[in-house]
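Undergrad: sharing a model that was predicted from the sequence below.
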Amino acid sequence: MTQPGLREVEHEITVSAPAAAVYRLIAEVVNWPRIFPPTIYVDQVPEGPGEERIRIWATANGEAKNWTSRRTLDAEALRITFRQEVTAPPVAAMGGTWIIEELSAQESRVRLLHDYRAVDDDADSLAWIDEAVDRNSRSELAALKKNVEAAHAAEELTFSFEDTVQIEGSAKDVYDFVNEADRWHERLPHVATVRLREDTPGLQELEMDTRAKDGSVHTTKSYRVTFAHHRIAYKQTTLPALMTLHTGYWTFEENEGGVAASSQHTVTINTDNIARILGESATVEDAKRYVHTALSTNSTATLHHAKAYAEQRAGR
């Protein structure tokens, strides 16, 4: 019997891929920022056979939220149940199930079930959750379908790389330099303007205008999740024309010589814009090199400015 104030909804989609492959994709939550548009970052902690706790940062109706869930994975039944342990208002309770059903050897149905309540069973809050769940479920399922069906193409278009700079200073000082993005327009020559919001400590909304080598200015928007003083993870939601995906993280690892500061990027190339930006004869590999160079130049410059800042504070 349904509890008063409890909403139960279901969304589904048909995917042209084997059910087992779809299950694996959903089970591997560390990849969710690449697969599901609303997801910014996920922490995953195994809790025993088939059990885990995950902390998710994601956008809902344009607002950044985070919550903690427990999941039970059943690879044989192709089912994953989840229940939020720590919810974000206006959600009072949230849970559900992923169910993957085999339709044929190469086709499957993915069903996503949710049950939830609003704080104080408030009608306006429930309507807000209805909209967020519907929007995010449709977005997640559409992204899941696209990602699985285009796995080979996505593999060819997606690449990752990392730059590291050794710094004779403290991890805290280097972290502070990267964390204080609202001061980047004063500290970094390639940053023209910055707009930073941090309504929830550790969850930032960052919009900035950066200058390219040719003098052009590009506006990007990112959500960042900060873990003082060792990691800042991010996902861009407003992207340059040559990318359909850009996620990454900054890490600060102390060692005998001070701290190794790294910037990691994962990018998917937008093939629709290669000819317009790089010329009719440009290839995907040309686009990868162009994007790699642009991102690496900016992130390495940021790391070297962070190095100067931290080493000055350390008296080096």
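TA: Cool, got the structure.
Undergrad: shaky segments in the stretch 1-150 of the chain?
TA: 1-4, 150 (pLDDT under 70).
Undergrad: all strands for it, in order.
TA: For the stretch 1-150 of the chain, the strands identified by DSSP state E, counting those that start in this stretch occupy 7-15, 39-48, 51-60, 63-74, 79-86, 91-104, 107-118, in order along the chain.
Undergrad: tell me which of those strands sits nearest to Glu186.
TA: The stretch from the strands of the stretch 1-150 of the chain with the least distance to Glu186 (C-beta to C-beta) is strand 63-74; that distance is 25.1 Å. Quick note: C-beta positions are derived from backbone N, CA and C, even for glycine.
Undergrad: tell me what that closest one is packed against?
TA: Contact here means 3 or more C-beta pairs under 8 Å, 6 or more residues apart in numbering; DSSP states H and E; on that basis strand 63-74 packs against strand 51-60, strand 79-86, strand 203-211.
Undergrad: adding mean neighbour count and distance to Asp163, write those out as TSV.
TA: Converted to TSV, these look like this (neighbours: other C-beta atoms under 10 Å; distance: least, C-beta to C-beta, whole Å):
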stretch	mean neighbour count	distance to Asp163
strand 51-60	19	24
strand 79-86	16	35
strand 203-211	18	17
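Undergrad: related to what we said a few turns ago, and of the strands of the stretch 1-150 of the chain, who's closest to Glu168?
TA: Among these, the nearest to Glu168 by C-beta to C-beta is strand 39-48 (29.6 Å).
Undergrad: just the CA trace of the closest one, in CSV.
TA: Taking only C-alpha atoms (Å, rounded to 0.1, in the frame of the first residue of the first chain), the coordinates of strand 39-48 have been written out as CSV:
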residue,chain,number,x,y,z
THR,A,39,26.0,14.5,-12.8
ILE,A,40,29.0,16.6,-11.8
TYR,A,41,31.0,14.2,-9.6
VAL,A,42,30.6,10.8,-7.8
ASP,A,43,32.5,9.3,-4.8
GLN,A,44,32.2,5.6,-4.5
VAL,A,45,32.9,3.5,-1.3
PRO,A,46,32.5,-0.3,-1.4
GLU,A,47,30.6,-1.6,1.7
GLY,A,48,30.8,-5.3,1.1
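Undergrad: helices or strands up against that strand?
TA: Using 3+ C-beta pairs under 8 Å, 6+ apart, strand 39-48 sits against helix 32-35, strand 51-60, strand 217-227, strand 231-238.
Undergrad: redo the ones you listed as JSON lines? Include distance to Glu149.
TA: Compiled in JSON lines, these are given as follows (distance: least, C-beta to C-beta, whole Å):
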{"stretch": "helix 32-35", "distance to Glu149": "12"}
{"stretch": "strand 51-60", "distance to Glu149": "23"}
{"stretch": "strand 217-227", "distance to Glu149": "27"}
{"stretch": "strand 231-238", "distance to Glu149": "22"}
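Undergrad: relative to Val133, which of those is closest?
TA: Val133 sits nearest to strand 51-60 of all these, at 8.5 Å, using C-beta to C-beta.
Undergrad: check which helices and strands that closest one sits against.
TA: The contact analysis (3+ C-beta pairs under 8 Å, 6+ apart) places strand 51-60 against strand 39-48, strand 63-74, helix 123-149, strand 217-227.
Undergrad: quick one: Pro90 and Ala127 touch, right?
TA: No: taking contacts as C-beta atoms under 8 Å, Pro90 lies outside contact range of Ala127: 9.8 Å.
Undergrad: more neighbours, those two?
TA: A side-by-side neighbour count of Pro90 and Ala127, using other C-beta atoms under 10 Å, places Pro90 first with 17 against 12.
Undergrad: look up how far Arg117 lies from the closest residue to that one other than its chain neighbours.
TA: Nearest non-adjacent residue to Pro90, counting by C-beta to C-beta, 6 or more residues apart in numbering: Ser125, 3.5 Å away. Distance check for Ser125 against Arg117: by C-beta to C-beta, to the nearest Å, it reads 9 Å.
Undergrad: closest to Asn273 out of the helices and strands packed on strand 39-48?
TA: Nearest of the helices and strands packed on strand 39-48 (C-beta to C-beta): strand 217-227, 12.8 Å.
Undergrad: same for that closest one, what does it pack against?
TA: Other elements packing on strand 217-227 under the criterion 3+ C-beta pairs under 8 Å, 6+ apart are strand 39-48, strand 51-60, strand 203-211, strand 231-238.
Undergrad: if you set the cut-off to 7 Å instead, what comes out?
TA: Contact here means 3 or more C-beta pairs under 7 Å, 6 or more residues apart in numbering; DSSP states H and E; on that basis strand 217-227 packs against strand 39-48, strand 203-211, strand 231-238.
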